[in-house]
Every structure is written in C-alpha cells, then in structure tokens.
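In: With the input below, show me the fold.
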Amino acid sequence: MQAPARFLVIIDSDGASTAMLFTAARVRVAEFDAGTEEIAVMTTGLAPTRSAGAPEWDRALAGSTPTARAAAEVYELDV
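Out: Numbering: from 1, shown residues only. Take a look at the predicted model:
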C-alpha cells in the first residue's frame, strides 16, 4: 500500500510547469502537467509556500536547478 500524497510541488522545467506529488517522506508518487484541471481542484483554499529550496527537498528535487527550486510552489495537502 502506498503512503498518501502530502505535498504538491509545481516547478518549472525547461519552460514547462510540472506538478509532482510527494509523500510526507518526500518520496515522489506522481508527476504530471501542471496545467491540468486537477491542480485547481487540489489547491482550492490552499496557499503555497516557496520552500522547495529547503534542505528537506534536496534529495526529492535533486534534478532541478536551484533557481527552479526557489521559484517552485509547494502546497501541503490535507490528508
């Protein structure tokens, strides 16, 4: 059984926005286009933080540039 997604990260990669779902342990469980309707549904009533540059995201977002990580939106999802 897979742990529930706890975080939604929207990050720019090569000019396109990508949405990634992570567990509380920052394990990626899904990745998809951030322009989908589901993003609006998932983020209704939530305010993002710009915290993807924090050390706890180092391993999970290792392939992203520091600039992209600093600009990423991180949503904490209700579980």
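In: hey, where'd the strands end up in the chain?
Out: Along the chain, counting by DSSP state E, strands occupy 7-13, 16-22, 28-33, 73-76.
In: Tell me which of the ones you listed is the most buried.
Out: Of all the strands of the chain, strand 7-13 carries the top mean neighbour count, a mean of 20, counting by mean count of other CB atoms under 10 Å. Just so you know, the C-beta spots here come from the backbone N, C-alpha and C atoms, and that holds for glycine as well.
In: got the angle between it and strand 16-22?
Out: On the basis of axes from the mean of the first three to the mean of the last three CA atoms, to 10 degrees, strand 7-13 is oriented at 150 degrees to strand 16-22.
In: got the contact list for residue 39?
Out: By CB atoms under 8 Å, 6 or more residues apart in numbering, the residues touching residue 39 are 8, 10, 19.
In: An error on my part: the question was meant for residue 15.
Out: Contacts for residue 15 (CB under 8 Å, 6+ apart) come out as none.
In: That one and residue 68, how far apart?
Out: Look at residue 15 and residue 68: by CB to CB, to the nearest Å, they are 11 Å apart.
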